[in-house]
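[1] Predicted structure and sequence below. I'll ask about it afterward.
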Amino acid sequence: MKWSELFTSSVGKKFVMGLTGIFLILFLIVHVGLNACIWAMDEGKMFNLAANFMGSMVVPRILEIGLFAGFLLHIIQAYVLENQNRRKRGVTYQVPMGNNGSKWYSRYMGWLGTFVLLFLVIHIRQFWIPSRFLEMEEVTYNGVAVHNLFALMKDTFTNIWYVIVYLIGCLSLAYHLMHGFQSAFRSLGVYNSRYLALIKAVGVGFAIIVPLAFAMMPISMYLGWV
Ligand code: HEM
């Protein structure tokens, strides 16, 4: 396959979707792991230090640019593929084809992805923009002043509406991953049925555990557990 076909052929576009999907899955592992530091019961010290490390070092900052590019590519290719498929069928996806034995969430990947995107817009505005571009409350550990993202989180999640938006975002992410995890590997050419069975099982576990851990963060803060 030529490089240009990654963006012009259907197989190429699916390959890009799979590759960016796996990259975003890796990001989620790092993000959920770092955020889990809020449960260290140290008033956010471990979490603030870890978040500050990621925000101030060169390599994570470069990866961050790659991350936003990955999100953008994943979203653009998804809409291009969806439109292309619609035009080929000449009908909308769900109705006339019936469910074909597939799970509902695999037929609504576009909608689920759109909900995750809406969640992300709110999320980036709430945490990432203040941390990178605005004045933020700071806290000092061993003489080093860092952004107090823990306090911002606690403050945000005293508002029940934010908690609800986050729970909807996490639920959409869970169903998006339930199909997306294994689909990413298929798009990269994994056809062996034994590997696929394993990938499917890991994917279901991932789609439950990671969004559940994320969802427990606003809940823990709202209920004052941390
Ligand atoms: C639900 C609980 C979540 C909490 C409490 C949370 C918290 C945060 C915080 C505090 C930041 C800023 C970090 C910094 O500036 O150093 C951040 C950044 C970010 N979050 Fe989340 N997050 C959550 C879920 C998610 C989910 C589910 C996604 C993706 C689907 C996501 C995607 C991002 C992105 C793309 C950034 C900006 C890039 C970065 O800082 O690495 N977050 N999040």
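    Cool, got the structure.
[2] For Tyr141, give me phi and psi.
    Note on Tyr141: backbone dihedrals following degrees, to the nearest 10 are phi -120, psi 130.
[3] Is it correct that it is in contact with Met46?
    No - taking contacts as C-beta atoms under 8 Å, Tyr141 lies outside contact range of Met46: 9.8 Å. The way it works is simple: take the backbone N, C-alpha and C, and place the C-beta from them, glycine included.
[4] Which one's more surrounded, those two?
    For Tyr141 versus Met46, neighbours defined as other C-beta atoms under 10 Å are more numerous around Met46 (18 against 12).
[5] Give me the helices and strands touching the helix or strand that that one is a member of, please.
    Using DSSP states H and E, Met46 falls within helix 45-56. Where contact means 3 or more C-beta pairs under 8 Å, 6 or more residues apart in numbering; DSSP states H and E, helix 45-56 is packed against helix 10-35, helix 58-89, helix 129-133, strand 138-141, strand 144-147, helix 149-156.
[6] hey, which of the ones you listed is tucked in deepest?
    helix 149-156 (a mean of 19; mean count of other C-beta atoms under 10 Å).
[7] Report the mean per-residue pLDDT for it.
    The average pLDDT within helix 149-156 is 98.
[8] try stretch 194-205
    For stretch 194-205, mean pLDDT rounds to 94.
[9] And for that stretch, what's in contact with it?
    Applying C-beta atoms under 8 Å, 6 or more residues apart in numbering, the contact partners of stretch 194-205 are 177-178, 181-182, 185-186, 190.
[10] Relative to the ligand, which of the helices and strands packed on helix 45-56 is closest?
    Closest of the helices and strands packed on helix 45-56 to the ligand is helix 129-133, at 3.4 Å (criterion: C-beta to the nearest ligand atom).
[11] packing partners for that closest one?
    Going by 3+ C-beta pairs under 8 Å, 6+ apart, helix 129-133 lies up against helix 45-56, helix 149-156.
[12] Is it possible to get a markdown table of the ones you listed that adds distance to the ligand?
    Shown next, in a markdown table, are these (distance: least, C-beta to the nearest ligand atom, whole Å):
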| stretch | distance to the ligand |
| --- | --- |
| helix 45-56 | 4 |
| helix 149-156 | 5 |
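[13] possible to save those helices as CSV with distance to Lys14?
    Below are the helices and strands packed on helix 129-133 laid out as CSV (distance: least, C-beta to C-beta, whole Å):
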stretch, distance to Lys14
helix 45-56, 31
helix 149-156, 36
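[14] before we move on, back to that, hey, least reliable of the helices and strands packed on helix 45-56 by pLDDT?
    Ranked by mean pLDDT, the helices and strands packed on helix 45-56 end with helix 58-89 at the bottom, a mean of 87.
[15] Now do that helix: which elements does it pack against?
    helix 10-35, helix 45-56, helix 109-123.
[16] same question for the following helix or strand past it, mean pLDDT?
    Once helix 58-89 ends, the next helix or strand along the chain (criterion: DSSP H and E) is helix 104-107. Across helix 104-107, the average pLDDT comes to 92.
[17] Checking Tyr191 next. Helix, strand or coil?
    Three-state assignment for Tyr191 (DSSP: H, G, I helix; E, B strand; the rest coil): coil.
[18] Give me the neighbour count for it.
    8.
[19] cool, the one 4 residues further on as well?
    Tyr195 is surrounded by 11 other residues when neighbours are defined as other C-beta under 10 Å.
[20] If we go by neighbour counts, what in the helix or strand harbouring it is buried?
    Under the criterion of DSSP H and E, Tyr195 resides in helix 193-222. Residues 199, 203, 206-207, 210-211, 213-218, 220-222 are the ones in helix 193-222 that count as buried (16 or more other C-beta atoms under 10 Å).
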